[in-house]
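Enquirer: Please find the sequence and the predicted model below.
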Amino acid sequence: MLPILQIGPLAIQTPGLIILIGIWIGLDMSERQAKLFGLDGGRIFSLLAWMLGAGLIGARLVFAASQMAIFTANPLSLFSLSPQLLNLPGGLAAALGAGLAYGQRQKLPLWTTLDALSTPLAILAVASAVANFASGDAFGVTSNLPWAIDFLGARRHPSQIYETLAGLAAAALVWPRPVGRLDAWLRAAPGLRFWVFIAASALARLALEPFRAGAELILGQFHLAQVVSWSILALSLWQIFRRGWPAPKPSAESETIS
Amino acid sequence: MTVSPILAKIPVMIFSRKTFSIASVAVLLLGLVWIYASRTAPVDPAAQTLSQPRKGFYAPDFELTTLDGETIRLSSLRGKPVILNFWASWCVPCQAEMPALQKVYQEYRAQGLQVIAVNMAFQDNQNDALAFVAKHNLTFPVPLDVSGEAGRSYLIQALPSSFFIGSNGIIIDVIIGGPIDEAVLRSQAEFLMKEAN
């Protein structure tokens, strides 16, 4: 774990740095890979920049609304650089809203755009897992396995490494390639690559959640993240089925029979 | 959905429609079995005794002497929410955030909030620390970590470092580095007070 990177007198928050690098790689990649999907790289970059900006503003405004007295007393805190003054769900909602608005305005095809964003999203998931490893967050439950690591006074599952590997596997699965049967299939229907990425991510969370400590429980004993992931997995498998193996059109003969 | 012309041209699918359906159902059933098999008993915070300088764990205890010569033991403050700050007089972000810390302490002290600002005395000069306290009119206890033991038990890697401890002694949040914005301190104090009541 390396929460702080000390360079001379400068103490850099390593997790934040890793997330920034992940965002930068994701933005760069989305612009370059957009062409492979017949999209304009500049527009995809702008879409993500709008989403990022709107996400940050939304996250701050929702946080400020929840702590109105503090921000009324000191309105300049709205411009604070502190990440602690952000509301994550509020930010996500604002980013999605801005993305939809920009996409509609620019007439971006929804599913093809989401396909193009699958690899950058996978890279961001990997960056998030590595950042957790650096900060020590999302640490594992205790274990006696040979590859367990010493952390917080016990030997524990290296849950962040599991999640990094799962993220890399998801990225490899949806990475656009010029040739190959898998890629030809993923290109066959808009949205297929995106739903494969969602299914892979949900499957990884479903499988790995029990190795992570401090789980939130539902019905007193089940991991909430697993239940949510199972539902997302079911939805994404259904979407893959619909797009990857569309039902054949009923023939005129069968129509007359029925 | 209409059949894509590209899809129609792919001679061999990764799986057939039927194989994919069976595999999907099998994966979902296995998922349900895994959810059931990996169910866990809820952790009783009262039964948790491990102390680590991390969110969700009991705050490591220490006993130090303050600048006023009084002895302070962190565990003796159990029952009250605590903001525990580590600082040194030469640390520029510590200088920047201390007035906000004092302000928040003054505002929430009557409601039971405790602020403990541990001076990393083993890396600092006591006269400088005294001058710092006088300059910022700090009224909360300032214990001196002469041996560095408290700093080590909190794995301090950067100054300032702040730990927000609930009235049950469990760390609710950790902020490494600074200066912490006054709004952050206020929102943390609000959360601590809400959690304590």
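Expert: Happy to help now that I have it.
Enquirer: quick one: the helices in chain A?
Expert: A:14-33, A:41-66, A:68-73, A:88-105, A:110-135, A:159-174, A:181-186, A:192-208, A:224-244, A:252-257 (DSSP state H).
Enquirer: Next, the buried residues of the first one.
Expert: So that's helix A:14-33. By 16 or more other Cβ atoms under 10 Å in any protein chain shown, the buried positions in helix A:14-33 come out as A:14, A:15, A:18, A:19, A:22, A:23, A:26, A:27, A:29, A:30, A:31, A:33. In this view, the C-beta of every residue, glycine as well, is placed from N, C-alpha and C.
Enquirer: One more: the fifth one?
Expert: The neighbour-count check on helix A:110-135 (16+ other Cβ under 10 Å) flags A:111-135 as buried.
Enquirer: Over to the second one?
Expert: Within helix A:41-66, the residues that qualify as buried by neighbour count (16+ other Cβ under 10 Å) are A:41, A:43-45, A:47-48, A:50-52, A:54-55, A:57-64.
Enquirer: Give me the neighbour count for residue A:180.
Expert: A total of 10 residues lie near residue A:180 under the criterion other Cβ atoms under 10 Å in any protein chain shown.
Enquirer: gap between it and residue A:26?
Expert: To residue A:26, residue A:180 is 23 Å away according to Cβ to Cβ, to the nearest Å.
Enquirer: ok, residue B:100 touching residue B:178?
Expert: No - assessed by Cβ atoms under 8 Å, residue B:100 is found out of contact with residue B:178, at 9.7 Å.
Enquirer: Please identify which of the two sits among more neighbours.
Expert: Neighbours were tallied for residue B:100 and for residue B:178 using other Cβ under 10 Å; the higher tally belongs to residue B:178 (26 against 18).
Enquirer: Now the more buried one: closest residue in space, sequence neighbours ignored.
Expert: In space, and not counting its chain neighbours, residue B:178 is closest to residue B:93: 3.9 Å by Cβ to Cβ, 6 or more residues apart in numbering or on different chains.
Enquirer: May I have the helix or strand where that neighbour lies exported as CSV, CA atoms only?
Expert: If you go by DSSP states H and E, residue B:93 is part of helix B:92-108. Taking C-alpha atoms only, helix B:92-108 is exported to CSV below (Å, rounded to 0.1, in the frame of the first residue of the first chain):
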residue,chain,number,x,y,z
VAL,B,92,2.5,24.8,5.9
PRO,B,93,-0.9,23.1,5.3
CYS,B,94,-1.1,22.6,9.1
GLN,B,95,-0.7,26.3,9.6
ALA,B,96,-3.4,26.9,7.0
GLU,B,97,-6.0,24.6,8.5
MET,B,98,-5.5,25.3,12.2
PRO,B,99,-7.7,28.4,12.4
ALA,B,100,-10.6,26.4,10.8
LEU,B,101,-10.1,23.6,13.3
GLN,B,102,-10.2,26.1,16.2
LYS,B,103,-13.3,27.7,14.8
VAL,B,104,-15.1,24.4,14.5
TYR,B,105,-14.0,23.4,18.0
GLN,B,106,-15.4,26.6,19.4
GLU,B,107,-18.7,26.1,17.6
TYR,B,108,-19.3,22.5,18.5
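Enquirer: List the buried residues in that helix.
Expert: Those would be B:93, B:94, B:95, B:97, B:98, B:100, B:101, B:102, B:104, B:105, B:108, for helix B:92-108 by 16+ other Cβ under 10 Å.
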